[in-house]
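Q: This is the structure alone, sequence omitted:
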């Protein structure tokens, strides 16, 4: 069965690469540009994994992550945080709030794909 | 029994001794004889009695002379000597007893003289030692004064009530520079002996720093000092270091008590701004570039890994590369040219023991919120880098929110370390909080009770380079807020002797260590006149009728404390009355239209004067007149001068009720004060101040010691009934 990935980022310049890459790897992909849209898409698209940017308008990635984790129906959902915030405290916060992985920009696309595959295996 | 009575008694005894035996013998002989013998005896007596009587009288006379001579030499002579000895004891040290009279008395006089000689030698020695000690104190005092004035740091010494006991010129200049606009006119009116430091620095911050020092002292720290950064009302950034002034512990091994503190103050606004700018440039370049670089890298890797990508898609990836490189160039340009315009400042932090912060926060929460607290796991060796004041505010704020909105009964604390991060957890059980709630609280200005901080939780977290989040412990049915802060290296503390030496007492220009004994800043009416801080002032006005529109054109004020007039703590300010001056007034006050034009108006000057007078008793000559002018401004400025007012005119009437004139010149002449520079407001304030200080001992002679007594006495005088 095709795994579904939701890409949540407000920057089209990264979305294009992520979308292209994930499609190429054979995933079904949907995109959301802000926190609220992300929550809607999670409900509608029912992804297996969310690539979640931290710095977004409306709701931050942290907040989205926490809301998703509060929903017991989505216990199996994997969350990978993608962010330009690379401080140790921010990584700790992401993990504490329930992210499965925390990837700091700039990242290697290969590593990201490997990480995603590992989480979905 | 005095000497005279004893002399009379002695004479009586002498008379009895000389006549008694003879009379008694005659009586016995007479009793023994028969009738014939008695007749012969009486006949013999008739013949011999005159001679015997005469001889007795002569003998008595000689005896009397002898008695008198002895009495004079021994009794009266010794009494006179006693008087001269008393004289030597008190009034005239150099007086000596003249050796007169009988040899025994002379010997006594010589012995007394020798004793006096010995005493003088001892006294001279003691005096020499005292003089020597005074000279060395004086020398030390001067050395300290010189040292203080040379220091490039501002130094302020306060007692525990925040009263300023000492400040140096640099501190004065610093606070003067801080004083905004009109405050500058009073030469840094805020700083002054006996004034409260809290008019310049935040009370809570000082209290907090003192608390930190106390804890350090209890732990026997070798360096019981606290550092903090504070902003002034003018937005300047000050770095302060506080060190305690300890009481002399004395012979017994009792704990040294904190009696005050030394603040060294440095204005770091400029250097801090530069530092912050550098920081910001760095941060904007690193954080800002990450995202673009991430986009670039992903796009480049897509192109590299997919050489057979179709044309249109390839174009879009190339477009991203184009776009992101342009954005990075622009950002670089922007940060280098105008970095850190409106960026939030990051705060310098201090190393503190995590436990101390939590203990302080617990105390504050229990005091302020009456909310029970408990500690769970506390890592007792964990040092964190923090602005403990802001951090405790943040913790208290969260606690108050939890209490208000979720009605929690108890808050538990946990302190953990993980790598370079320290976690402070605020744990409660029962009600859970929605995650949005914390996001709302994070952005509110923190306020607890009446205290409001301009900072938000987010600001505090950012200041520390930390984070804050909300987590649940489902199994235990509880939840917690977690502060993450950077861990500090554990400082090596050696309990040692390097404690500050208690300062001696001395009083050159900017000091008055006697103020250490002053307590509480409130004006207490039962305080002694000698222990009150005064603001002596005078005004010049356009005329004598405030209610008919006359205005103040000059205010002069000087502070008096501890029996001294502080001539460097003054206000001397002309004021534009915004009405024409009356020509008849000009010769009196010597102030012309040109002089007042362009000067600040009363609504600018009055707040400065009000602040200058805060927590002090007002003194003026014919105060009712000046006070009337001030009271008429109450409504428009909103400033009330409601402190006690002493009037030198009324006090003069109390002291010399029978004198005709109680004009300032007349009083000054009576009290022997040189009058210079009269009829400028400051000149008159100086004279009034001198007069007032001379009056204090005169009032004390009349039994008027306290502020209340002085006010009551003044009220009863005739002059008090004349009203403006």
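A: On my side now, so go ahead. Remember, it's a predicted structure, so these values are computed and weren't measured experimentally.
Q: do the lowest-mean-pLDDT helix or strand in chain A and chain B meet?
A: The weakest-scoring helix or strand in chain A, judged by mean pLDDT, DSSP states H and E, is helix A:88-96 (a mean of 87). Yes - between helix A:88-96 and chain B, judged by C-beta under 8 Å from any C-beta of the partner chain, the touching residues are A:88-90, A:92-93, A:96. Using the backbone N, CA and C atoms, a C-beta is placed for each residue, glycine as well.
Q: Just the closest residue of chain A to chain B, please.
A: The minimum distance from chain A to chain B, using C-beta to the nearest C-beta, falls at residue A:105 (3.0 Å).
Q: Strands of the stretch 501-650 of chain B, residue ranges please.
A: For the stretch 501-650 of chain B, applying DSSP state E, counting those that start in this stretch gives strands covering B:534-541, B:552-561, B:564-574, B:617-620, B:645-647.
Q: Can you list the strands that the last one pairs with?
A: This means strand B:645-647. Here strand B:645-647 is paired, per DSSP bridges, with strand B:617-620 (parallel).
Q: Now for the nearest residue to residue B:639 once chain neighbours are set aside, how many residues are close by?
A: Counting by C-beta to C-beta, 6 or more residues apart in numbering or on different chains, residue B:639 lies nearest to residue B:610, which is 4.6 Å off, once chain neighbours are set aside. By other C-beta atoms under 10 Å in any protein chain shown, the residues close to residue B:610 number 15.
Q: related to what we said a few turns ago, worst mean pLDDT among the strands of the stretch 501-650 of chain B?
A: Across the strands of the stretch 501-650 of chain B, strand B:564-574 has the smallest mean pLDDT, namely a mean of 84.
Q: Hey, what's the angle from it to strand B:552-561? Just curious.
A: If you take axes from the mean of the first three to the mean of the last three C-alpha atoms, to 10 degrees, strand B:564-574 sits at 160 degrees to strand B:552-561.
Q: The residue most central in space within chain A sits in which helix or strand?
A: Computing the C-alpha centroid of chain A and ranking residues by C-alpha atoms, centre = their mean puts residue A:51 first, at 1.6 Å. Per DSSP states H and E, residue A:51 falls inside strand A:49-53.
Q: name the helices or strands packed onto the helix or strand following that strand?
A: Going down the chain from strand A:49-53, the next helix or strand is helix A:61-69, by DSSP H and E. Helices and strands touching helix A:61-69, as assessed by 3 or more C-beta pairs under 8 Å, 6 or more residues apart in numbering or on different chains; DSSP states H and E, comprise helix A:35-45, strand A:49-53, strand A:78-83, helix A:88-96, helix B:435-442, strand B:467-473.
Q: so what does the third one touch, helix or strand wise?
A: I take that to be strand A:78-83. Strand A:78-83 packs on strand A:49-53, helix A:61-69, helix A:88-96, strand A:101-104, helix A:109-120, going by 3+ C-beta pairs under 8 Å, 6+ apart.
Q: Make JSON lines out of these and add distance to residue B:258.
A: Output for the helices and strands packed on strand A:78-83, formatted as JSON lines (distance: least, C-beta to C-beta, whole Å):
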{"stretch": "strand A:49-53", "distance to residue B:258": "53"}
{"stretch": "helix A:61-69", "distance to residue B:258": "45"}
{"stretch": "helix A:88-96", "distance to residue B:258": "36"}
{"stretch": "strand A:101-104", "distance to residue B:258": "48"}
{"stretch": "helix A:109-120", "distance to residue B:258": "58"}
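Q: follow-up on the earlier one: who does the strand holding residue A:51 touch, helix- and strand-wise?
A: Looks like strand A:49-53 contacts strand A:4-8, helix A:12-24, helix A:35-45, helix A:61-69, strand A:78-83, helix A:109-120 (3+ C-beta pairs under 8 Å, 6+ apart).
Q: cutoff 7 Å now
A: Under the contact criterion of 3 or more C-beta pairs under 7 Å, 6 or more residues apart in numbering or on different chains; DSSP states H and E, strand A:49-53 touches strand A:4-8, helix A:61-69, strand A:78-83, helix A:109-120.
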